[in-house]
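[1] here's a sequence, model it:
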Amino acid sequence: MAKKEVTHVFKIMAPGGKATPAPPLGPVLGSKGVNPGQFIQQFNAATAKLDGRVVACIVTAFSDRSFTFEVKSSPAAVLIKDALKLEKGSGEPNKNKVGKLTRAQVEAIAKEKAADLTSGSMEAAMRIIEGTARSMGVTVEN
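    You can find the predicted model right below:
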């Protein structure tokens with residue numbers, strides 16, 4: 001059997017368990033040679049437990065119009081907003097603060113994202129999350 005040739009590798013962000021083939025996902029998938037209906041069905045089945053939380057997904061499309069996908073964890077900003085029940089971050093993070101994270105919350109977020117971060121230790125992963133929080137106008141308490 002001939003080996004499948006990879007035609008596209010791309011990243012998308014979609015709500016887990018609640019994605020639809022409507023724009024913006026459908027046109028992106030279709031233009032890369034992926035059947036949007038098939039992808040959405042498989043993606044929603046794989047992410048049903050996330051209940052609408054935005055997740056990253058790396059999709060690999062092959063020449064025979066088949067595909068594979070790998071679901072990554074949610075972006076750090078989404079996890080921080082969920083932890084603090086925020087609608088959005090601050091427009092002026094250096095002036096307007098929108099919330100406070102405890103070290104325990106930062107550690108929990110870092111553990112959830114550990115597989116997708118390029119940090120060598122949990123302390124380094126926590127510093128990455130703290131940096132994202134600061135850029136959103138969230139202060140981190142010790």
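[2] quick one: contacts for Asn142?
    Counting by Cβ atoms under 8 Å, 6 or more residues apart in numbering, Asn142 makes contact with Arg103. C-beta coordinates here come from the backbone N, C-alpha and C atoms, glycine included.
[3] what strands line up against the strand or helix carrying Thr68, and which way round?
    For Thr68, the host element (DSSP states H and E) is strand 67-71. Here strand 67-71 is paired, per DSSP bridges, with strand 54-62 (antiparallel).
[4] can I get the strand it pairs with in PDB, CA atoms only?
    Taking C-alpha atoms only, strand 54-62 is exported to PDB below (Å, rounded to 0.1, in the frame of the first residue of the first chain):
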ATOM      1  CA  VAL A  54     -12.000  26.800  23.200                       C
ATOM      2  CA  VAL A  55      -9.200  24.400  22.400                       C
ATOM      3  CA  ALA A  56      -6.400  24.300  19.900                       C
ATOM      4  CA  CYS A  57      -6.300  21.500  17.300                       C
ATOM      5  CA  ILE A  58      -3.500  20.500  14.900                       C
ATOM      6  CA  VAL A  59      -5.000  19.000  11.700                       C
ATOM      7  CA  THR A  60      -3.000  17.000   9.200                       C
ATOM      8  CA  ALA A  61      -4.600  16.600   5.800                       C
ATOM      9  CA  PHE A  62      -3.500  13.900   3.400                       C
END
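[5] next, the buried residues of it.
    Val54, Val55, Ala56, Cys57, Val59, Thr60, Ala61, Phe62 (16 or more other Cβ atoms under 10 Å).
[6] stretch 61-74 now?
    Ala61, Phe62, Phe67, Ser73, Ser74.
[7] check stretch 90-107 too.
    Ser90, Pro93, Val98, Gly99, Leu101, Gln105, Val106.
[8] contacting residues around the first one?
    So that's Ser90. Contacts of Ser90 (Cβ under 8 Å, 6+ apart): Asn96, Lys97, Val98, Met136, Gly137, Val138.
[9] what sits closest to the last one if chain neighbours are left out?
    Okay, so that is Val138. Closest residue to Val138 apart from its sequence neighbours, by Cβ to Cβ, 6 or more residues apart in numbering: Gly99 at 4.8 Å.
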